[in-house]
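> Need the 3D shape of this:
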Amino acid sequence: MLERLNQALDHLEACLDREVDMAEVARIAAVSEYHFRRLFSTLAGMPLPVYVRRRRMTLAGAEVLAGELTLLDVAVRYGYGSGEAFARAFRSVHGIGPGEARRTGAVLTAQPRMSFRVVVEGNTTMRYRIVEKEAFRLVGRKARVPLVHEGVNAAAAAHVESLDEQAVVRMKELAGREPEGILSAAVHLSDSREEGAEVDYWIGVVTGPDAAVEELDALDVPAGTWAVFDNHGPYPNALQELWRDVFTQWFPSNPYASRPGPELLRTQPVEIGAETDSQLWIPVERSSASAGA
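You can find the predicted model right below:
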């Protein structure tokens, strides 16, 4: 899997001076374009379009400083139809306009070319099962919060604290389907999984698809396949590490790809650092490579 990802990045690198066909890049990686974008974001810590822009501006910066082409020629070479658009992109990466950079020989910012490799640390194993689940409705209260990869997510904690007793009682009345009980869920609003990217954060329960919810928020989730991971460790670090390991280790090693849908977490919040049991549900599908095998 990592070999295919690196082949895809090699192809992307060769296309930086023209429009990149992301569908073709994903095909080389043997995954869907949606999954490639999410996988890249998780592994790289930045959205794919941001990486492409930074790489283009890294190469463009070298040509700006070299002074062999006009600034407009450099702009056109890297896919910008006007000098103004090129200058905005250049400034967003380097913090200075291309004209000023050429005149002053400014120090520019370089985005190194990426490649992925496996680093093995310790002997951690991941316990999981695959579940075919019928359509359901997620019912509860949601709030838009930023992603936090380490430590307590203050916005998510504030959302939990804001729940009124009536809403909690109503959720408990509606609960009854697996995963049982009150749980949290993250619905990603974009392909980005970098720190600070916004997600819809839910506190709710899994109900039947026709459950009446009136005073609560509801999200209808179609039938599909889920990978379920059991976890035990200190709260919340073990959970954050599990989420990371699922996307950086489990997906590259298994014949599945992530698909759109809420990522469900059932856990018992405890004092920071205390041990707790958790269960993480990730929506998945058989990857295109394994489907054709």
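> What residues of stretch 11-25 count as buried?
11, 12, 16, 20, 22, 25 (16 or more other C-beta atoms under 10 Å). (Each C-beta comes from the backbone N, C-alpha and C, glycine too.)
> Run through who's touching stretch 141-155.
Residues from elsewhere that reach stretch 141-155 (C-beta atoms under 8 Å, 6 or more residues apart in numbering): 156, 159, 162-163, 167, 187, 189, 193-204, 216-217, 219, 236-237, 240, 244, 272.
> The same query, at a cut-off of 7 Å, please.
Applying C-beta atoms under 7 Å, 6 or more residues apart in numbering, the external contacts of stretch 141-155 come out as 156, 159, 163, 167, 193, 195-204, 216-217, 236, 240, 272.
> ok, back up a step: how about CSV for the buried residues of stretch 11-25, with pLDDT and secondary structure added?
As requested, the buried residues of stretch 11-25 are exported to CSV (pLDDT from 0 to 100; DSSP: H, G, I helix; E, B strand; the rest coil):
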residue, pLDDT, secondary structure
11, 93, helix
12, 92, helix
16, 88, coil
20, 88, coil
22, 92, helix
25, 93, helix
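> Tell me, how many residues neighbour residue 205?
27 (other C-beta atoms under 10 Å).
> Among the contacts of stretch 141-155, name the ones in helices.
Using DSSP state H, the members of the contacts of stretch 141-155 that fall in helices are 156, 159, 167, 240.
> which of these are buried?
Among these, those buried by neighbour count (16+ other C-beta under 10 Å) are 156, 159, 167.
> any chance of these in a markdown table, plus pLDDT and distance to residue 264?
What follows is those, written out as a markdown table (pLDDT from 0 to 100; distance: C-beta to C-beta, whole Å):
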| residue | pLDDT | distance to residue 264 |
| --- | --- | --- |
| 156 | 90 | 15 |
| 159 | 93 | 16 |
| 167 | 91 | 18 |
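> Closest to residue 111 out of the residues you listed?
residue 156 (30.7 Å; C-beta to C-beta).
> thought that closest one was touching residue 202?
No: between residue 156 and residue 202 there is no contact under C-beta atoms under 7 Å: 10.1 Å.
> Show the average pLDDT along stretch 139-155.
Averaged across stretch 139-155, the pLDDT comes to 88.
> Straight-line length of it, end to end?
Distance across stretch 139-155, first residue to last, is 20 Å (C-alpha to C-alpha, to the nearest Å).
> Determine how far that stretch lies from the middle of the whole chain.
14 Å (C-alpha atoms, centre = their mean, to the nearest Å).
> Stretch 240-257 now?
12 Å.
> Stretch 92-102 too?
30 Å.
> Not counting that stretch itself, show me its contacts.
Defining contact as C-beta under 7 Å, 6+ apart, one finds that stretch 92-102 is touched by 53-54, 57, 61, 64-65, 67, 71, 86-87, 90-91, 106, 108-109.
> pLDDT-wise, what's the bottom of those?
Ranked by pLDDT, these bottom out at residue 106 (75).
> how much space is there between that residue and residue 54?
17 Å (C-beta to C-beta, to the nearest Å).
> can you give me the strands in the stretch 51-200 of the chain?
In the stretch 51-200 of the chain, the strands defined using DSSP state E, counting those that start in this stretch lie at 127-133, 136-146, 183-188, 198-207.
> Quick check on the contacts of stretch 92-102: which are buried?
53, 54, 57, 61, 64, 65, 71, 86, 87, 90, 106, 108.
> Tell me the spacing between the last one and residue 76.
Okay, so that is residue 108. Taking C-beta to C-beta, one finds residue 108 at 20 Å from residue 76.
> Three-state assignment for residue 226, please.
Counting by DSSP: H, G, I helix; E, B strand; the rest coil, the backbone at residue 226 sits in strand.
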